[in-house]
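Q: Sequence first, predicted coordinates after that:
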Amino acid sequence: MRLLITGGRGMLGRTLVARWRGLHQCAVADLPETDITRPETLEAAFAAAKPEAVIHCAAMTNVDACEGDRPRAFLLNARGTANVAQACAAHRARLIAISTDYVFAGDRPGARAEGDATDPRTAYGATKLAGEAAACALCPDAVIARIAWLYGPGGPSFLHTMLRLAREDPGRTLTVVDDQVGNPTSTLAVADALAGILARPDLRGVFHLTCEGAVSWFGFAREIFRLRGLGTIDLRPCSTADYPRPAPRPHFSALAKTRLAEAGLPPMPAWQDALAAFLRAAPDL
Ligand SMILES: NC(=O)c1ccc[n+]([C@@H]2O[C@H](COP(=O)([O-])OP(=O)(O)OC[C@H]3O[C@@H](n4cnc5c(N)ncnc54)[C@H](OP(=O)(O)O)[C@@H]3O)[C@@H](O)[C@H]2O)c1
């Protein structure tokens, strides 16, 4: 298929382009030449790529920066997504818009399913949810793919930060939050799930695409260091209250993949398996 990937030079976008080489024809729409807040630049990208489908990854992704500049977060995550959706409608391209667990409040245990009520508590979550609504209003057949706790080749991500800190000082003490739980998710696993959805033009609406199984950031770090044989790191748990941030972080970020199962598509891999595969493929990281 001819695909256009907005934010194609970001962490997820890069994985999609690399993973689908030889499978799909991927054009990239990213800054500086394509700005999703400037429809005329999007129009040029659509005219050049003639996409059959668009994977919309571009966003303002820094959660704390969004909290500090809500108008800009709205411009990129809501208005920008509406611009992409408008272009998809005009060019009859299928839209797959990437969204986030932050659309949920994240304040009660358990995994949230696609149909559960949204209640974002951050500017990032609220503007991404507004983007979801715009995508569905302008492209009724759009797919919204919610992901979370992402890591992938090149980073940046929590995993990259942990390994950098360990490399800098293998004897150090590291304190990591143990009361936020989510699904660590490899961009490679997301790419494979999106490929399955792309092959099914009948699918529309919200899909959760995170790896299976939930763990805290502390537990995730422990597994990263275990798999890398970094037993000299003195890893200690702490609570969210010990590590205040401008934007509140959800305590419960896990997502249930009910739509993927209903559609008969393969389940997402267990987070431990995806992590092990990722680290095996990146021995120098
Ligand atoms: N990372 C996560 O843990 C996570 C979790 C849940 C959901 N998501 C969602 O997944 C998607 C991809 O995330 P990611 O981690 O790959 O993000 P990323 O690495 O920040 O990539 C986003 C890309 O979009 C570009 N971009 C920013 N503003 C743009 C604009 N106005 N026009 C065109 N391109 C623009 C960025 O360019 P610059 O770098 O130059 O700004 C960057 O290349 C996003 O929609 C995000 O909300 C991510």
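A: That came through, no problem. Numbers count the residues shown, from 1 in each chain.

Q: what about the residue of the chain found nearest the ligand, how many neighbours?
A: Here the residue of the chain nearest the ligand is residue 10; by Cβ to the nearest ligand atom that distance is 1.8 Å. C-beta coordinates here come from the backbone N, C-alpha and C atoms, glycine included. Residue 10 is flanked by 22 other residues according to other Cβ atoms under 10 Å.

Q: For it, list the residues it contacts.
A: Contact analysis of residue 10 by Cβ atoms under 8 Å, 6 or more residues apart in numbering lists 30, 57, 58, 61.

Q: and the spatially closest residue to the second one that is not a sequence neighbour, how many neighbours does it have?
A: Across the structure, with Cβ to Cβ, 6 or more residues apart in numbering as the measure, the residue nearest residue 57 apart from its sequence neighbours is residue 7 (3.7 Å). The burial count assigned to residue 7 is 25, neighbours taken as other Cβ under 10 Å.

Q: Next, the buried residues of stretch 187-202.
A: 187, 188, 189, 190, 191, 192, 193, 194, 196, 197, 198 (16 or more other Cβ atoms under 10 Å).

Q: CSV please, covering the contacts of residue 10 and showing neighbour count.
A: Output for the contacts of residue 10, formatted as CSV (neighbours: other Cβ atoms under 10 Å):
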residue, neighbour count
30, 19
57, 28
58, 27
61, 21
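
Q: want to throw those into TSV with secondary structure?
A: TSV is the format used below for the contacts of residue 10 (DSSP: H, G, I helix; E, B strand; the rest coil):
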residue	secondary structure
30	coil
57	coil
58	coil
61	coil
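
Q: Also near the ligand: which of those, exactly?
A: Among those, proximity to the ligand is found for 30, 57, 58, 61 (Cβ under 6 Å from any ligand atom).

Q: Of all pairs in these, which one spans the longest distance?
A: The span of these, defined through Cβ to Cβ, is set by 30 and 61 at 12.9 Å.

Q: Name the SS class of the residue lying farthest from the centre of the chain, please.
A: Relative to the mean C-alpha coordinate of the chain, counting by Cα atoms, centre = their mean, the farthest residue is residue 171 (32.0 Å). Put simply, residue 171 is coil when judged by three-state DSSP.
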